[in-house]
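Q: Got a predicted model here, sequence first, then my questions.
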Amino acid sequence: MELIKVVDRLRRRWSGKYEIDDPRPIAAEAPYTFFLPTAEQLAAIQPHDEVKIIIRSVPPSPDWDAERMWVDIKRAEGDLLVGTLDNFPSDIPQLKPGNELQFSRSAVIDILWSKDRTHVPPEGRTEREFWERCMVDDCVLDGRSAVEYVYRERPELDEPNDKNPDSGWRIRGTDEAIAEDEAMERNPRYVALGVVLNKDDSWLNLLDAPVGSAFIRDMETGKFVPCEFEAQ
């Protein structure tokens with residue numbers, strides 16, 4: 001296996017190419033966890049700023065789907081940005097630090113503003129983010145079930161060094177999907193609220209409900225209605 005990887009890296013080093021991803025489809029699929037710079041920020045990028053882009057190997061790496069790397073901007077010509085790679089790729093042997101890259105402003109996923117800028121950069125996005133944790137059935141995350149029942153208990157899953165606390169929210173799928181999970185020994189997962197909202201945000205307006213709240217989906221209207229709290 002190691003020999004195959006070595007041969008693959010040599011082949012890509014001499015004849016491989018690379019592609020720079022358009023991150024906008026990723027953001028559209030994960031609007032609650034993948035955030036892009038604002039249009040104003042993208043328009044303000046100038047030489048000496050550093051930007052992060054997504055690069056993938058062609059042929060593909062056996063270990064990495066794509067890599068996110070920093071580029072030191074040298075020229076900004078309208079929508080076109082030109083810069084030099086400022087990272088060592090983990091497995092894109094056809095690229096190395098200092099290589100020149102050209103790409104559209106829309107390819108940028110993050111920005112480090114230069115301290116020598118002549119103008120103050122625009123402020124970033126101000127929307128609420130949802131990094132607090134919750135427990136959710138596997139069937140919801142896999143898209144096999146819509147959210148059917150949500151309740152908020154007293155948070156109890158926090159660890160001392162957790163960056164993002166337990167929100168107390170517990171998100172359940174349909175009885176049929178949960179039964180399938182149990183038969184396949186799939187367990188609920190502890191993830192960011194935003195990960196669940198990417199799959200089903202129909203209960204977004206309930207997030208600030210207090211501990212002890214519970215809601216179930218009315219199957220006729222699709223809306224959530226209060227119900228008796230019943231931790232499961």
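A: Yep, it's here.
Q: Residue 229 and residue 209, how far apart?
A: As judged by C-beta to C-beta, to the nearest Å, residue 229 and residue 209 stand 11 Å apart. In this view, the C-beta of every residue, glycine as well, is placed from N, C-alpha and C.
Q: Show me which of those two is the more surrounded one.
A: residue 209 (17 against 13; other C-beta atoms under 10 Å).
Q: Specify the local secondary structure of the residue nearest in space to the middle of the chain.
A: In the chain, the centroid-proximal residue (C-alpha atoms, centre = their mean) is residue 34; its distance is 3.8 Å. The three-state label given to residue 34 by DSSP: H, G, I helix; E, B strand; the rest coil is coil.
Q: any idea what sits nearest it, other than its immediate chain neighbours?
A: For residue 34, ignoring the flanking residues on the chain, the nearest one in space by C-beta to C-beta, 6 or more residues apart in numbering is residue 27 at 4.9 Å.
Q: what about the one you found, is that helix, strand or coil?
A: helix.
Q: So what's the residue count around it?
A: Counted with other C-beta under 10 Å, the neighbours of residue 27 add up to 14.
Q: Run through this protein and note the low-pLDDT ranges.
A: Scanning the chain for pLDDT under 70 picks out 1, 3-7, 9-10, 230-232.
Q: how much space between the closest residue to residue 196 other than its chain neighbours and residue 49?
A: Using C-beta to C-beta, 6+ apart and skipping residues adjacent in sequence, the residue nearest residue 196 is residue 136, 5.0 Å away. Distance check for residue 136 against residue 49: by C-beta to C-beta, it reads 38 Å.
Q: Which of the two has more residues huddled nearby?
A: Shown here are residue 136 and residue 49; by other C-beta under 10 Å, residue 136 has more neighbours (25 against 21).
Q: Could you check how far that one is from residue 149?
A: Taking C-beta to C-beta, one finds residue 136 at 11 Å from residue 149.
Q: what touches both of these two?
A: residue 171 (C-beta atoms under 8 Å, 6 or more residues apart in numbering).
Q: hang on, the earlier thing: now the residue nearest to the centre of the chain: phi and psi?
A: Dihedral angles of residue 34 (phi, psi; degrees, to the nearest 10) stand at phi -120, psi 110.
Q: Quick one: end-to-end distance for stretch 195-212.
A: End-to-end distance for stretch 195-212, by C-alpha to C-alpha, to the nearest Å: 23 Å.
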